[in-house]
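>>> Here's my sequence, what's the structure:
(one chain, ligands or ions: 1)
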Amino acid sequence: MAEPKTTELMEKIVSLCKRRGFIFQSSEIYGGLNGFWDYGPLGAELKRNIKDCWWRSMTQLREDVVGLEASIIMHPRIWEASGHTSTFSDLMVDCLLTKKRFRADQIEPQSGTAYFYTGATEDGTGKETKDVFSVLLPPGKPPESARKVAKQFYQQRSINNPTLLGERVEQVKDSTKYNPENGSLLTEPRPFNLMLETYVGPVQSSENKSYLRPETAQAIFVQYKSVLEASRQKVPFGICQIGKAFRNEINPRNFTFRSREFEQMELEFFIRPEEVIQKMTGSVAKLSDSQPSTLNPQPNWGWELWHKYWVEERVKWYESIGLSRDTLVEYWQKKDELAHYAKATVDILFKFPFGTQELEGIAARGDFDLTQHQKFSGKSMEYFDEEAKAKYVPHVIEPSAGVDRLALALICNAYCEDQAPDEKGKMETRVVMKFHPRIAPLKVAVFPLLKNKPELVNKTKEVRDLLRPHMTVFYDEAGAIGRRYRRQDEAGTPFGVTIDFETLGEKGPDLKDTVTLRDRDSMKQERMKISELVPLLVEKIR
Ligand code: GAP
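This is a model prediction of the structure:
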């Protein structure tokens, strides 16, 4: 059967990422390390642009949000208070034959004939085991296949030349108890804590055990009072942070989508509890009272409106960096899907080639976190609100996004194949990464028409140096000009500037100090003055 188209597309994207230096497998020369990735020159620029855009929109362009950069390793009690040591786990199952580990919720239901065995004896010696085992065969497979797998299982338990005991057959439907790869029975689901442990100090004892943070959020909660005092902010206000997070994912997959080391961009936005708003303004505005498109923060907003407001803000931000609304899905979690601390959560999903999956979660967390830290640390987390004349523990709205997931979404969204003429005018397939200029790794490439004409080369370097203080510029003189354009199309560089003989004034004074500016997507070229380049390009990339 032919591979689905989406798999082919992902293969092309993964291959382009490696070839063009967006993403490499970590530790590749040693065979790689599952769930860890490195970003090459273009990937590093892309990630930096994502983080800069987010930081700018979340804090620098707002009055009511300030930043924090906390340590990755924090006091281990934090993770007890937050619930991570007890509840931050996924259910896992192991294949009884290969020991391969799976997340229980990722096992596809299967139907077929299950062969059950009560044990095995060793031919010749009579040695026996009573370990039970079972194999699921898809329809049409001969019983011998099940017996072969079962014999391997008993051989691993030191029964050489096993004779299988008590074979029994049963039809099963939609079972998740078997390894989809080989039909072997899986273990019962067991919880597996996702936090990566480490030891602080020279002694590896339980007192020195600590964790690489699994989210950046907790540092914000434990520092909220210090930040509040230092910044002289007033509730409602927010603290945002960008930083590394680590999760020992059972099954990292879909390229960088589920990694073990990744970066998060999180905002904790602190708001008044509803009873305080009620006392202060006489009423609490609810979601049903207002049209979401006209959301403009008001003193009588309760958590529902603040939550909706942040959902809207975040979707608008994704649009501003090139993910149109039709590539995104707003998923409102159902009551039984909500985390124990959440009153409501909206996931912003992106339509990846491998399925529609989460980019960001926006949760209304109530006062859960601050109350927990108050309890575990013994320090008050209460805030005195002068305007409301009330003391309370603030409630929280949390938009939490992943940098790496977003980088992958932007790469998938940008990948495009179209037709363009080659040097001889023959149409060929062009791979072009249509990044929004705001997040494109390189903003402009500059090309001398010919590399063996020093006047052209010198003038091009002059233009490069003129643009460089304002944006990332790539100078390229190697190969035919068409080839150079193609290379930049693949890198996603939105603009190309070519310096030719007109620029030097050789075709008349009118065209002196003009260049051609090529648009990556339309491939159209227009002539313009060098002096116009900076303002024009800066406007497009801001
Ligand atoms: N503080 C809330 C929190 O951490 P989360 O839904 O577990 O919530 C937030 O994570 C975001 O972090 C996700 O929407 C995703 O973008 C990113 N993320 C989580 N786990 C990830 C992983 N294993 N690999 C890459 N990104 C991940």
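>>> what about V14, neighbour count?
By the measure other C-beta atoms under 10 Å, the count of residues near V14 is 16. C-beta coordinates here come from the backbone N, C-alpha and C atoms, glycine included.
>>> I meant to write F376 there.
Neighbours of F376 under the rule other C-beta under 10 Å: 15.
>>> where's it relative to D489, distance?
54 Å (C-beta to C-beta, to the nearest Å).
>>> Which secondary structure element is home to E532?
Secondary structure from DSSP states H and E places E532 in helix 530-541.
>>> What average pLDDT does stretch 25-35 get?
For stretch 25-35, the mean pLDDT works out to 97.
>>> List of residues touching that stretch?
Here stretch 25-35 makes contact (C-beta atoms under 8 Å, 6 or more residues apart in numbering) with 18, 36-38, 249, 252, 258-261.
>>> near the ligand, which residues of the protein?
Contact residues, the chain versus the ligand (C-beta under 6 Å from any ligand atom): 215, 217, 247, 249, 258-259, 262, 264, 266, 358-361, 400-402, 404-405.
>>> picking that back up, pull the most distant pair out of the contacts of stretch 25-35.
Pairwise distances across these peak at 21.7 Å for K18 and E249 (criterion: C-beta to C-beta).
>>> Neighbour count: the two, which is higher?
Per other C-beta under 10 Å, whichever of K18 and E249 has more neighbours is E249, with 18 against 13.
>>> Can you verify my assumption that the more buried one contacts E261?
No: contact between E249 and E261 fails when scored by C-beta atoms under 8 Å: they sit 9.9 Å apart.
>>> now the helices for the stretch 101-250 of the chain?
Counting by DSSP state H, counting those that start in this stretch, one finds helices in the stretch 101-250 of the chain at the ranges 143-156, 217-231.
>>> May I see those helices arranged in TSV, with mean pLDDT and mean neighbour count as well?
Written out in TSV, the entries for the helices of the stretch 101-250 of the chain read as follows (pLDDT from 0 to 100; neighbours: other C-beta atoms under 10 Å):
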stretch	mean pLDDT	mean neighbour count
helix 143-156	96	17
helix 217-231	97	18
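>>> Take those helices and write them to JSON lines, including distance to I530.
As requested, these are exported to JSON lines (distance: least, C-beta to C-beta, whole Å):
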{"stretch": "helix 143-156", "distance to I530": "71"}
{"stretch": "helix 217-231", "distance to I530": "44"}
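>>> Dihedrals phi and psi, L96?
Phi and psi for L96, reported as degrees, to the nearest 10, are phi -70, psi -20.
>>> what residues are up against it?
133, 153, 184-187.
>>> what's around S531, how many residues?
By other C-beta under 10 Å, the residues close to S531 number 10.
>>> now swap in R430 and tell me
17.
>>> Next: the one 5 residues further on.
For F435, the tally of surrounding residues (other C-beta under 10 Å) stands at 26.
>>> Can I take it that it is in a helix?
No: read with DSSP: H, G, I helix; E, B strand; the rest coil, F435 is coil and lies in no helix.
>>> Next, it: phi, psi?
Torsion angles at F435 (phi, psi; degrees, to the nearest 10) stand at phi -70, psi 150.
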